[in-house]
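Asker: 3D, please:
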Amino acid sequence: MTSVIAAGTAAVAAGALLFVTLPPADAQTNERSAGSPDPAAAGPYAVASLDYTLGDAAFRVPGYLVEPPWDWDGDWENPDLPEAEIELTGNVHYPTSADGTSPLVVLLHGYWTTCADREAADIAAAREAALGWEDIYDDPEWQNAMGRLMQWPCVPGVSPLPSYRGYDHLAQRLASHGMVVVSISANGVNAASMNGADNARSLLINRHLEMWSELTRTGGGELAGRLTDPRTGAAATVDFTDRIDLSRVGTMGHSRGGRAVAWHAADVHRDELPAGVRIAGVLSLAAAGAGTATNEGSPWAPMYRVTSAPLAVWMGWCDNFQGEDYIDLATGATSKPIDSWYVDGANHNFLNTQWSPSSGQVTAHDDFEEFYGDLRPGPGLCFNPERKRPPGGWPQDPDVGDTEDGDPAYGGGREGSDPDQGDPDGEPTWDPVDDPDVRVVRQLTEEEQRQVHVGYATAFFRHTLLGDHRFEAVISGERHPYATITDVDATRIDPQR
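Answerer: Numbers count the residues shown, from 1 in each chain. Just a heads-up that it's a prediction; the model follows:
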């Protein structure tokens, strides 16, 4: 999430969900050879969806604290603040008629506003427009509005902003191919401290995996009796006993979630996985960077190094390339392939329907327009101010070190800002059209971007979790099924050990 709050979108009920229907496979404008299957085509299974929640304060991470208030001037080492309250809330899409056991995919959203308080969003936007960035952080009215948007739990009468429902279109498609897909809410983490957030998100994933493990092994546990119909809220009776294979678990994290799934899958955190769980595929989607973990000799490097599962990294050409950090960390150390996808015209927010303007949701906006709208080279065009990763990785910055407060510093040894924190250097002053290092491309529409994302994500998880090798050529860049929509620079790095 940027710190800018987009206002003036069409009003919808707070917390309303946007359901996206992908076009039928035969209507999609994909370039494919005769007889070559489309990875985004709907699968053979009917799909149903269920909600569950154990409450907005059902989970805590020892020592993980709430975010200090904007005017906090206390002791950061030992702040007089409570532990963060985190929800145990999710949505599951599952095939209703699949035989045998299904792999499980966990989806994790990134950093975003937690409460759908439209009045607070309008106040924040008005103060930003009036004051500008030099003065806004000291403005009490803006601080109060942001506090209302980023609190947890939300106050009575204000609905939680359901970022976890922003991937329903992907979950529907994956489930149609025989996967059980659980998208989990992390609003309590977003409202809490940045320090330790990756660990908190990782432990939250494991907590959900524990509950699903108990449900599929015994038919009981904390999820028993908690599943409800999303449309009516009525209790639903579905028997998941022996229906999920937890030795085939895939994870996809977006933005800060993309950083967290790398942390979660790192070898040094393997002992934290619930018994019987094996991570078989990790998709880091438009991820926030790993900061100084990429610096040579950094003690944080092992915390984000994925070496025991196939890793795929999506980067939008109208977003940022911070996902390269995870490629750099895994290269030379992994026993599995690393696939990178640079997607022309893709921004950050359109990957989540709740963050996209067409939803009308509170704070939803086009992040490229928010950051660089004044520099847009022409209608429908966008660019990335960063350079693509050179062969062999980025040179290290010896003057940037790790922080001492339990989290790697932002930025690290490569260029780029944190996509969830805005541009720390302010708006650029150059003309992108005249810069030879900047590629100007056509920005994808929301639907186009999601279609390409669903195709590549489905190809990846069908390959890694179902053993469907027909789509390996898509993942590795040998075949380009969406060439009529956009260019995807896909590259594979083969295992090095």
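Asker: for the lowest-mean-pLDDT helix or strand in the chain, buried residues please.
Answerer: In the chain, no helix or strand scores lower on mean pLDDT, DSSP states H and E than helix 133-136, which sits at a mean of 85. For helix 133-136, the neighbour count (16 or more other C-beta atoms under 10 Å) marks I136 as buried. No exception for glycine: its C-beta is placed from N, CA and C like everyone else's.
Asker: so where do the strands sit in the protein?
Answerer: Ranges of strands in the chain, per DSSP state E, are 47-53, 89-95, 102-108, 180-184, 244-254, 279-285, 311-316, 338-343, 381-383, 440-442, 488-493.
Asker: save the ones you listed as TSV, and put in mean pLDDT too.
Answerer: Putting these into TSV (pLDDT from 0 to 100) gives the following:
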stretch	mean pLDDT
strand 47-53	98
strand 89-95	98
strand 102-108	98
strand 180-184	99
strand 244-254	98
strand 279-285	98
strand 311-316	98
strand 338-343	98
strand 381-383	93
strand 440-442	94
strand 488-493	96
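Asker: for S356, which of those is the nearest?
Answerer: For S356, the closest of these is strand 244-254, at 12.3 Å, according to C-beta to C-beta.
Asker: can I get the closest one in PDB, CA atoms only?
Answerer: What follows is strand 244-254 as a C-alpha-only set of coordinates in PDB (Å, rounded to 0.1, in the frame of the first residue of the first chain):
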ATOM      1  CA  ILE A 244      -6.000 -32.700   1.500                       C
ATOM      2  CA  ASP A 245      -2.400 -33.700   0.900                       C
ATOM      3  CA  LEU A 246      -0.200 -31.500   3.100                       C
ATOM      4  CA  SER A 247       3.000 -32.900   1.500                       C
ATOM      5  CA  ARG A 248       2.000 -30.800  -1.500                       C
ATOM      6  CA  VAL A 249       1.600 -27.200  -0.200                       C
ATOM      7  CA  GLY A 250       2.000 -24.200  -2.400                       C
ATOM      8  CA  THR A 251       2.200 -20.600  -1.200                       C
ATOM      9  CA  MET A 252       1.600 -17.300  -3.000                       C
ATOM     10  CA  GLY A 253       2.200 -14.000  -1.300                       C
ATOM     11  CA  HIS A 254       1.600 -10.600  -2.800                       C
END
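Asker: got the angle for that strand vs strand 180-184?
Answerer: Here the directions of strand 244-254 and strand 180-184 differ by 40 degrees (axes from the mean of the first three to the mean of the last three C-alpha atoms, to 10 degrees).
Asker: please point out which parts of strand 244-254 sit buried.
Answerer: Buried residues in strand 244-254, defined by neighbour count with 16+ other C-beta under 10 Å: I244, D245, L246, R248, V249, G250, T251, M252, G253, H254.
Asker: out of those, which two sit at the greatest distance?
Answerer: D245 and H254 (24.5 Å).
Asker: any idea how far stretch 299-314 is from the chain center?
Answerer: Here stretch 299-314 is found 16 Å from its chain centre; the criterion is C-alpha atoms, centre = their mean, to the nearest Å.
Asker: contact partners for G110?
Answerer: G110 makes contact with M1, S163, G253, H254, S255, R256, G257, G258, A288, N352, D420, according to C-beta atoms under 8 Å, 6 or more residues apart in numbering.
Asker: thinking again about what came up before, and E210, which of the strands of the chain is closest to it?
Answerer: For the strands of the chain, distance to E210 was read as C-beta to C-beta. The smallest value, 10.2 Å, belongs to strand 244-254.
Asker: packing partners for the closest one?
Answerer: Packing contacts for strand 244-254, counted by 3 or more C-beta pairs under 8 Å, 6 or more residues apart in numbering; DSSP states H and E, involve strand 102-108, helix 197-218, helix 256-265, strand 279-285, helix 446-466.
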